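Novice: next comes the sequence, and after it the predicted model I'd like to discuss.
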Amino acid sequence: MGRVSTTPRRVVAVLLAVTMLFAAGCSNPGQGPGTAAPTDSTEPAPSSASSGPAPSASPAPGDPAGRAAALVAELTDEDLVGQVLMPYAYGDRATKVSAGSAAGNRALAGVDTPAEMIEKYRLGGLILVGFSADDPTQGNQPTTNVDNPEQVRELTTGLREAAGRLAAAPAPLLIGTDQEYGVVTRVTEGVTMLPSALAAGAAGDPALTEAAWRAAGTELAAMGINVDFAPVADVLVTRSAVIGSRSFGADPQRAAAQVGGAVRGLQAAGVAATVKHFPGHGHSAEDSHRDLPVLSQSRKKLAAQAWPPFTAGIEAGALAVMSAHLDVRSVDPGVPATFSYKLLTEVLRGELGFQGVVITDGMNMPPARRWGPGEAAVRALKAGNDLILMPPNVSQAYEGLLAALRDGSLPRARLVEAVTRVLTMKFTLSGAPAPELSALATPEHRAAARALAAAAVTVLRGRCDQAAIPGPVTVTSSDGRAHTRATLTKALTEAGVPVVPSGGTVVHLVGYGDRAGDLRADAAVTVAMDTPYVLGQAKSPTLLATYSSSRAAMEALAEVLAGKARPQGRSPVKVSGLPATTCAS
């Protein structure tokens, strides 16, 4: 896939023209917009018939907004409603699933397979879901349909074949997933694993981030995924366990630079970036997968500390922004941001200038389930969202939207505006064929991940020039990290450091969820592979942070411990009693 970009002014013109068309009653509300007069232009009609193209002329292939306007005018009510839904489905193939997956799909949508779900509800997209180790989002992952790249490519191919039979088929199906790297990563086997966002923040080099995320985008595209629900733009001002190392750090300007790099990298590979979670989940330590977090900061403080990374993502051309289930007391008290017109339409669009697709966070999360699926979907659209992600019941969300459209409680102009944005993004992503699976885990991609990981390794205690340790080494960790110990053991051996089962210089690893009780008092070196806060309680003479347990991170750590590389990172969050680094800048 080729590079994608946005054209905000063009999109605004399209939306204005289409909205006026439907508001003027050019379609029969009972029949949907299929009877609307055809149009070929997103600009006001010329005063002279001879001064512009004929009304039947087709928009140019390079005009996503024009193509979206032309297609939306042909869609029925049912088509329009389906295009704003992006549910999950059960099953790892499009047309053949297990009995358990079929039962799950029947409960969710009254069909047996993902392909049938797409066709019945004329879906605009589908999200691929799954579990990963130390995943703080497991609460709204009811199933998994990702295993390995070959399986994912077969699944996405089948999903697109089903979507090819829809009236909206000229605009490709959106297939998204949460491939953030770090603790939230859906496809983990057979792909290049980047270090976490916090590691990129420690490296502090947006160019390295952009190169690594371009590699990641290429691999997603090869698997048939064209939307990544990443990067996380939340500024980590609290010790949030749900955001944690998913954030680029605590400094809004440094995080902003990283978000811009990740967006450019992904979209250079033809994959839509989704900047999340607006208006800033890192400003609360609570978990929206369990309750409705409250942001008590003033509007002025949020504008200065929470919104710069979102602005940077928008300026980098991000095609999507994800709204969050957050109660922002200074803007719209008591209303989750997902359902707040003030936050999504007045602030995100009006003040920050975003004109792309706004996607809800999972609508199966508790703050969104205070209403039924239909009413929640209607409320979310009216607030300013364009795509409804993961409704807990697809049938009810679809029927609720359709009923609201027909009784007027959901303005037709708002739905048309949302669909036009969705189709514009789809056409922006269309064109070039997906890369072959041979594009995955190439030496070039691994080198990009390794360069980012190497720049992230940070010394928070101990002399920078004495990070190397004498062999032999014993690698230990808290429970459940055998795979990571094995990865580091292999990397140390390849770097020339002998590793023994016991009795050597102890290098102790701590990761996601570990606390003071998981530290080891006799460790010569303690390494934080997630947020580094626990290092403030460690007694080791040398404290290091990689912020990630990826293969690239462990290889970079081994090079430092072997004395072959100088640690260059700076902690992007404050650790009690420790400097950002003991190394000179």
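Specialist: On my side now, so go ahead.

Novice: residues contacting Val357?
Specialist: Counting by CB atoms under 8 Å, 6 or more residues apart in numbering, Val357 touches Leu319, Ala320, Val321, Asp386, Leu387, Arg421, Val422, Met425. Yep, even glycine has a C-beta here, placed from its N, CA and C like the rest.

Novice: one more time with 6 Å
Specialist: Ala320, Asp386, Leu387, Arg421, Val422, Met425 (CB atoms under 6 Å, 6 or more residues apart in numbering).

Novice: quick one: pLDDT of Pro283?
Specialist: You called it Pro, but residue 283 is His. pLDDT for His283: 84.

Novice: isn't it right up against Leu295?
Specialist: Yes: with contact defined as CB atoms under 6 Å, His283 counts as touching Leu295 (5.1 Å).

Novice: circling back: in helices, which of the contacts of Val357 appear?
Specialist: Arg421, Val422, Met425 (DSSP state H).

Novice: among those residues, which one sits closest to Met223?
Specialist: Closest to Met223 out of these is Met425 (18.9 Å), distances taken as CB to CB.

Novice: what does the pLDDT read for the closest one?
Specialist: So, for Met425, pLDDT stands at 98.

Novice: how much space separates it from Ala580?
Specialist: 38 Å (CB to CB, to the nearest Å).

Novice: ok, these two, which is more surrounded?
Specialist: Between Met425 and Ala580, Met425 has the larger neighbour count (other CB atoms under 10 Å), namely 29 against 17.

Novice: so what's that one up against?
Specialist: So Met425 contacts Leu319, Val357 (CB under 6 Å, 6+ apart).

Novice: then the one helix or strand Lys120 maps to to PDB, C-alphas only?
Specialist: Per DSSP states H and E: Lys120 is located in helix 114-121. The C-alpha coordinates for helix 114-121 follow below in PDB (Å, rounded to 0.1, in the frame of the first residue of the first chain):
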ATOM      1  CA  PRO A 114     -18.000 -13.300  10.500                       C
ATOM      2  CA  ALA A 115     -18.700 -13.200   6.700                       C
ATOM      3  CA  GLU A 116     -22.500 -13.500   7.400                       C
ATOM      4  CA  MET A 117     -22.200 -10.700   9.900                       C
ATOM      5  CA  ILE A 118     -20.700  -8.400   7.400                       C
ATOM      6  CA  GLU A 119     -23.300  -9.200   4.800                       C
ATOM      7  CA  LYS A 120     -26.300  -9.100   7.000                       C
ATOM      8  CA  TYR A 121     -25.500  -5.700   8.600                       C
END
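
Novice: packing partners for it?
Specialist: When contacts are defined as 3 or more CB pairs under 6 Å, 6 or more residues apart in numbering; DSSP states H and E, helix 114-121 packs onto helix 149-163.

Novice: for the helix it packs on, name the packing helices and strands.
Specialist: Using 3+ CB pairs under 6 Å, 6+ apart, the elements in contact with helix 149-163 are helix 114-121.

Novice: now the helix it packs on: mean pLDDT?
Specialist: Averaging pLDDT along helix 114-121 gives 98.

Novice: so where's the stretch 151-300 of the chain uncertain?
Specialist: For the stretch 151-300 of the chain, the stretches with pLDDT under 70 are 285, 287-290.

Novice: show me where it has its helices.
Specialist: 197-203, 206-222, 252-268, 299-305 (DSSP state H, counting those that start in this stretch).

Novice: among these, which comes closest to Thr188?
Specialist: That would be helix 206-222 among the helices of the stretch 151-300 of the chain, by CB to CB, at 11.9 Å.

Novice: return the set of buried residues in that closest one.
Specialist: Buried residues in helix 206-222, counted by 16 or more other CB atoms under 10 Å: 206, 208-222.

Novice: what's it in contact with?
Specialist: 1, 191-192, 194, 200, 228, 257-258, 261-262, 264-266, 268-271, 434-435, 437, 439-440, 445, 448-449, 451-452, 455.

Novice: one more: stretch 543-555?
Specialist: 182, 193, 195-196, 198-199, 202, 245, 449-450, 453, 456-461, 484, 487-488, 491, 511, 526-529, 532, 535, 557.

Novice: can we see that at 7 Å?
Specialist: Stretch 543-555 is contacted by residues 182, 193-196, 198-199, 202, 245, 449-450, 453, 456-462, 467, 484, 487-488, 491, 511, 525-530, 532, 535, 556-557, 567, 571, 578 when judged by CB atoms under 7 Å, 6 or more residues apart in numbering.

Novice: show me how far it is from its chain's centre.
Specialist: Its chain's average C-alpha position is 22 Å from that of stretch 543-555, according to CA atoms, centre = their mean, to the nearest Å.

Novice: and stretch 355-374, by the same measure?
Specialist: On CA atoms, centre = their mean, the centre of stretch 355-374 falls 15 Å from that of its chain.

Novice: then that stretch to PDB, C-alphas only?
Specialist: What follows is stretch 355-374 as a C-alpha-only set of coordinates in PDB (Å, rounded to 0.1, in the frame of the first residue of the first chain):
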ATOM      1  CA  GLN A 355     -11.700  16.400  10.300                       C
ATOM      2  CA  GLY A 356     -11.100  12.700  10.000                       C
ATOM      3  CA  VAL A 357     -12.900   9.700  11.500                       C
ATOM      4  CA  VAL A 358     -13.700   9.700  15.200                       C
ATOM      5  CA  ILE A 359     -14.000   6.100  16.500                       C
ATOM      6  CA  THR A 360     -15.500   5.100  19.900                       C
ATOM      7  CA  ASP A 361     -13.500   3.100  22.400                       C
ATOM      8  CA  GLY A 362     -15.100  -0.300  22.900                       C
ATOM      9  CA  MET A 363     -18.800   0.100  23.400                       C
ATOM     10  CA  ASN A 364     -18.800  -3.200  25.300                       C
ATOM     11  CA  MET A 365     -17.000  -1.500  28.200                       C
ATOM     12  CA  PRO A 366     -18.900  -0.600  31.400                       C
ATOM     13  CA  PRO A 367     -19.200   3.200  30.900                       C
ATOM     14  CA  ALA A 368     -20.800   2.700  27.500                       C
ATOM     15  CA  ARG A 369     -23.200   0.000  28.800                       C
ATOM     16  CA  ARG A 370     -25.300   2.300  30.900                       C
ATOM     17  CA  TRP A 371     -27.600   2.400  27.900                       C
ATOM     18  CA  GLY A 372     -28.700  -0.300  25.600                       C
ATOM     19  CA  PRO A 373     -26.600  -1.000  22.500                       C
ATOM     20  CA  GLY A 374     -29.000   0.900  20.200                       C
END
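
Novice: who touches the residue nearest the centre of the chain in this structure?
Specialist: Centroid-nearest residue in the chain: Phe229, 1.8 Å away (criterion: CA atoms, centre = their mean). Shown in contact with Phe229 (CB under 7 Å, 6+ apart): Gly176, Thr177, Asp178, Thr274, Lys276, Met322.

Novice: check contacts around the fifth one.
Specialist: Counting by CB under 7 Å, 6+ apart, Lys276 touches Phe229, Val232, Ala233, Met322.

Novice: which of those residues are buried?
Specialist: For the contacts of Lys276, a burial check counting by 16+ other CB under 10 Å picks out Phe229, Val232, Ala233, Met322.

Novice: leaving out chain neighbours, which residue sits closest to the second one?
Specialist: The shortest distance from Val232 to any residue other than its chain neighbours is 4.5 Å, reached at Arg246 (CB to CB, 6 or more residues apart in numbering).
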